[in-house]
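In: need coordinates for the below:
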Amino acid sequence: MKLPSGFEMAGVKAGIKPSGRPDLGLIYSPQPLYWALVSTENRVRAPCVSRNRAHYETGQPIQAVAVNSGNANCANGDRGIRNNEDFADLTASALELPKSQSVLTASTGVIGVPLPIDNIRQGLPRLTTSLEADSDAFAESVLTTDTCTKQVAATLRNGARIVGVAKGSGMVHPNMATLLAFVVTDASIPQDPLRDLWPGVVDRSLNQVSVDGDMSTNDMAVLMSSNQLSADAQEFADALDAVCRRLAEKLARDGEGATKLIIAQVRGGRSPEEARRAARAVVASPLVKTAAHGNDPNWGRILATVGASGVVSDQANLHISLQGTTVYHGARQDFDEQALSGAMKENDVLIEINLAAGEGSGSAWGCDLSAEYVQINAEYTT
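Out: Prediction:
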């Protein structure tokens, strides 16, 4: 996918993954970038997250993000911290940047295994000479259990572009998940407005994805601008929101063992936050997920989950529909169970909820829970 002006990306095989798949990626700009960061709320964090957060507080620009997959470099003590610093230093040196503070790092993969820094050292020269104005090789290099790359692009009226690349398939749950997301743009947006905008965009999109209810140690979403083209702030915000919502859908659709995408759309909340909370609860529920997998229109599971989320204030007017069929409106509604079960065999399962309490709305994305998910995670390290 063609990148916005001012960006290059690359991805190579460095021998970090036993599978031999690409596992070392790089985003680079010859010029300093404005940037914004949202990262995991897990109290156990990988050194890459802690280091990036510390650098974020300085407000200083960056020029590169170095990413490895196949190894989370988490829970490795002082050795892991040193290896992460070496990762940044080696990348800065390979790019001939003056200091490693201009480089962010990201790692994803197995927790508690030392990062093979020698593989990275040997792979970086090939990585930096592979840089190009295209995101495909980079998108491949960041995958773990994903079955496909996730890339989305948008073009503004003046020609400015937004390109988002993400990975994530398991250990995916709000705040954040084992997802890495990197969004680049050549729209000229100053750093303070960029940082004010980014958390809300993430809350409405990437933080509305749940595959399995487990929060990772390494998640992060980085937004970077090369400031090449002027842009209307509202048009940019709307396009950025659309790119990240489409990334969220792609992440959920490719959940580990998934056969279906579950979309929860909630309106009528007392606030957008309440609506998003209800939507997240629905797509995260194991009982809703298994019902979707089995084509079972068990609306009671949806009703109970929404109630447990704490946002229901008017049960008499609460409305739930499944695949466009009303199943509950203050009480059970008559519907053809066999016909609705047949409609649930589609690849997308749509759940619509009206809380009948206000104007707040929100969406969330998840996937069904299959036996293959259990197998993938039962055998993940063995």
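In: in which helix or strand would I find Leu124?
Out: Per DSSP states H and E, Leu124 falls inside helix 117-128.
In: same question for Leu33.
Out: Remark: Leu33 resides in strand 24-39, with elements defined by DSSP H and E.
In: name the residues that touch the very next helix or strand once past that strand?
Out: Downstream of strand 24-39, the first helix or strand assigned by DSSP H and E is helix 47-58. Contact partners of helix 47-58, identified using CB atoms under 8 Å, 6 or more residues apart in numbering, comprise 37, 39-40, 62, 73-74, 80-81, 83-85, 87-88, 101, 104-107, 217-220, 222. For glycine as for every other residue, the C-beta is placed from the backbone atoms N, C-alpha and C.
In: let's see that with 6 Å instead.
Out: With contact meaning CB atoms under 6 Å, 6 or more residues apart in numbering, helix 47-58 is reached by Leu37, Ser39, Gly80, Ile81, Asn84, Leu104, Thr105, Ala106, Ser107.
In: identify the residue spatially nearest to Ala36, adjacent ones excluded.
Out: In space, and not counting its chain neighbours, Ala36 is closest to Trp198: 3.7 Å by CB to CB, 6 or more residues apart in numbering.
In: re the thing from before, please name every helix or strand in contact with the helix holding Leu124.
Out: strand 8-12, strand 24-39, helix 77-94 (3 or more CB pairs under 6 Å, 6 or more residues apart in numbering; DSSP states H and E).
In: so that helix versus strand 24-39, what angle?
Out: Calculated by axes from the mean of the first three to the mean of the last three CA atoms, to 10 degrees, helix 117-128 forms an angle of 100 degrees with strand 24-39.
In: quick one, helix 117-128 and helix 77-94 angle?
Out: Using the same axes, to 10 degrees: helix 117-128 against helix 77-94 is 20 degrees.
In: now helix 117-128: mean pLDDT?
Out: When pLDDT is averaged along helix 117-128, the result is 98.
In: before we move on, what about stretch 21-35?
Out: 97.
In: buried sites along it?
Out: For stretch 21-35, a neighbour-count test (16 or more other CB atoms under 10 Å) marks Pro22, Asp23, Leu24, Gly25, Leu26, Ile27, Tyr28, Ser29, Leu33, Tyr34, Trp35 as buried.
In: now stretch 128-141
Out: Within stretch 128-141, the residues that count as buried by 16+ other CB under 10 Å are Thr128, Ser130, Leu131, Asp134, Ser135, Ala137, Phe138, Ala139, Glu140, Ser141.
In: check which helices and strands the helix or strand containing Leu104 sits against.
Out: For Leu104, the host element (DSSP H and E) is strand 103-110. Judged by 3+ CB pairs under 6 Å, 6+ apart, the packing partners of strand 103-110 are helix 47-58, strand 62-71, helix 77-94.
In: let's go with 10 Å and repeat that
Out: Applying 3 or more CB pairs under 10 Å, 6 or more residues apart in numbering; DSSP states H and E, one finds that strand 103-110 makes contact with strand 24-39, helix 47-58, strand 62-71, helix 77-94, strand 180-187, strand 220-229.
In: run the angle between that strand and strand 180-187 for me.
Out: Using the same axes, to 10 degrees: strand 103-110 against strand 180-187 is 150 degrees.
In: next, the angle from strand 103-110 to strand 220-229.
Out: 140 degrees.
In: out of the helices and strands packed on helix 117-128, nearest to Gly342?
Out: Of all the helices and strands packed on helix 117-128, strand 24-39 sits nearest to Gly342, with 40.3 Å by CB to CB.
In: the closest one pairs with which strands, and in what direction?
Out: Paired neighbours of strand 24-39 in the sheet (DSSP bridges): strand 8-12 (antiparallel), strand 62-71 (antiparallel), strand 220-229 (antiparallel).
In: using PDB, write out every CA atom in it.
Out: Below are the C-alpha coordinates for strand 24-39, written out as PDB (Å, rounded to 0.1, in the frame of the first residue of the first chain):
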ATOM      1  CA  LEU A  24      11.600  -7.400  11.900                       C
ATOM      2  CA  GLY A  25      10.000  -4.200  10.700                       C
ATOM      3  CA  LEU A  26      10.800  -0.500  10.400                       C
ATOM      4  CA  ILE A  27       9.000   2.800   9.900                       C
ATOM      5  CA  TYR A  28      11.300   5.700   9.000                       C
ATOM      6  CA  SER A  29      11.100   9.400   8.100                       C
ATOM      7  CA  PRO A  30      14.000  11.500   7.000                       C
ATOM      8  CA  GLN A  31      12.500  14.400   8.900                       C
ATOM      9  CA  PRO A  32      11.300  14.700  12.500                       C
ATOM     10  CA  LEU A  33       7.700  13.600  13.100                       C
ATOM     11  CA  TYR A  34       4.900  14.800  15.300                       C
ATOM     12  CA  TRP A  35       3.500  11.800  17.100                       C
ATOM     13  CA  ALA A  36       0.900  10.600  19.600                       C
ATOM     14  CA  LEU A  37       0.800   7.400  21.600                       C
ATOM     15  CA  VAL A  38      -1.800   5.300  23.400                       C
ATOM     16  CA  SER A  39      -0.500   2.100  25.100                       C
END
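In: now it and helix 47-58, what's the angle there?
Out: Strand 24-39 runs at 60 degrees relative to helix 47-58, counting by the same axes, to 10 degrees.
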